[in-house]
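Peer 1: Model the structure of this input:
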Amino acid sequence: MNRKSGSGSGPFLMEMLVVVGFFIICASICVMVFAKSDNISREARDINQAVLMAESLTEELKAGAEPRWSQQLPDRNIWQHLAEADDENEDYAEWNRELVESDGYEGMHAIYWDSSWRVTEPDFNTPYLGIIYQGTVDGMRRTDVLVLRYGKGDDRGELLYRLQTESYEAQ
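Peer 2: Next up is the predicted model:
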């Protein structure tokens, strides 16, 4: 019996499938690396801006500038995130607790920033929120500034930066 042999393209096709599969795996890894680096870059940019905003705000308050904060406090969901921020560092929490329980406590205020970090009016989509506690404790003027993500998403309420300042207040 004569048997006709195949064209020989079977092994070539298998080799091509392996090469294409390898290329797809490499391409997907590259895409994941670029996406992760973009997320890291955005996180670093947000933290950098949060530091700048907190420092700028505390310097303005120390200089006696008119506050730019909103009269509208954040929604209820943010209180959980503020409690979590205090749970992260007991020293910060105790410092703030002393301030809130003192006779010189002036209250909590909020400031809202848009995606370009300009002060804006609060709404559901406002991306960044600053919480400011102010008051006087034992002749020291205290300010506690927390900058959080505020917009939609899983990271809503994430603490970006916290700055506590104290200065002597002449009487």
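
Peer 1: packing partners for the least confident helix or strand in the chain by mean pLDDT?
Peer 2: In the chain, no helix or strand scores lower on mean pLDDT, DSSP states H and E than helix 77-88, which sits at a mean of 73. On a contact count with 3 or more Cβ pairs under 8 Å, 6 or more residues apart in numbering; DSSP states H and E, helix 77-88 meets helix 90-101, strand 128-137, strand 140-149, strand 159-168. In this view, the C-beta of every residue, glycine as well, is placed from N, C-alpha and C.

Peer 1: buried ones in it?
Peer 2: Going by neighbour count (16 or more other Cβ atoms under 10 Å), the buried part of helix 77-88 is 78, 81-82, 85-86.

Peer 1: returning to that earlier point: turn the helices and strands packed on helix 77-88 into a markdown table, columns for distance to residue 8 and mean pLDDT.
Peer 2: Formatted as a markdown table, the helices and strands packed on helix 77-88 follow (distance: least, Cβ to Cβ, whole Å; pLDDT from 0 to 100):
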| stretch | distance to residue 8 | mean pLDDT |
| --- | --- | --- |
| helix 90-101 | 73 | 83 |
| strand 128-137 | 64 | 88 |
| strand 140-149 | 60 | 89 |
| strand 159-168 | 63 | 88 |
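
Peer 1: Looking at the ones you listed, which is nearest to residue 35?
Peer 2: Taking Cβ to Cβ, strand 140-149 is the member of these nearest to residue 35, at 19.1 Å.

Peer 1: for the closest one, which positions count as buried?
Peer 2: 141-149.

Peer 1: Would you tell me which one of those residues comes nearest to residue 98?
Peer 2: Closest to residue 98, out of all of the buried residues of strand 140-149 and judged by Cβ to Cβ, is residue 142, at 8.2 Å.

Peer 1: Quick check: closest non-adjacent residue to that closest one.
Peer 2: Leaving aside its sequence neighbours, residue 142 sits nearest to residue 99 (Cβ to Cβ, 6 or more residues apart in numbering; 4.9 Å).

Peer 1: Who are the contact partners of that neighbour?
Peer 2: Residue 99 sits next to 105, 133, 135, 137, 142, 144 when contact means Cβ atoms under 8 Å, 6 or more residues apart in numbering.

Peer 1: my guess is the first one meets residue 144, correct?
Peer 2: No - the pair residue 105 and residue 144 fails to qualify as a contact (Cβ atoms under 8 Å) at a distance of 10.8 Å.
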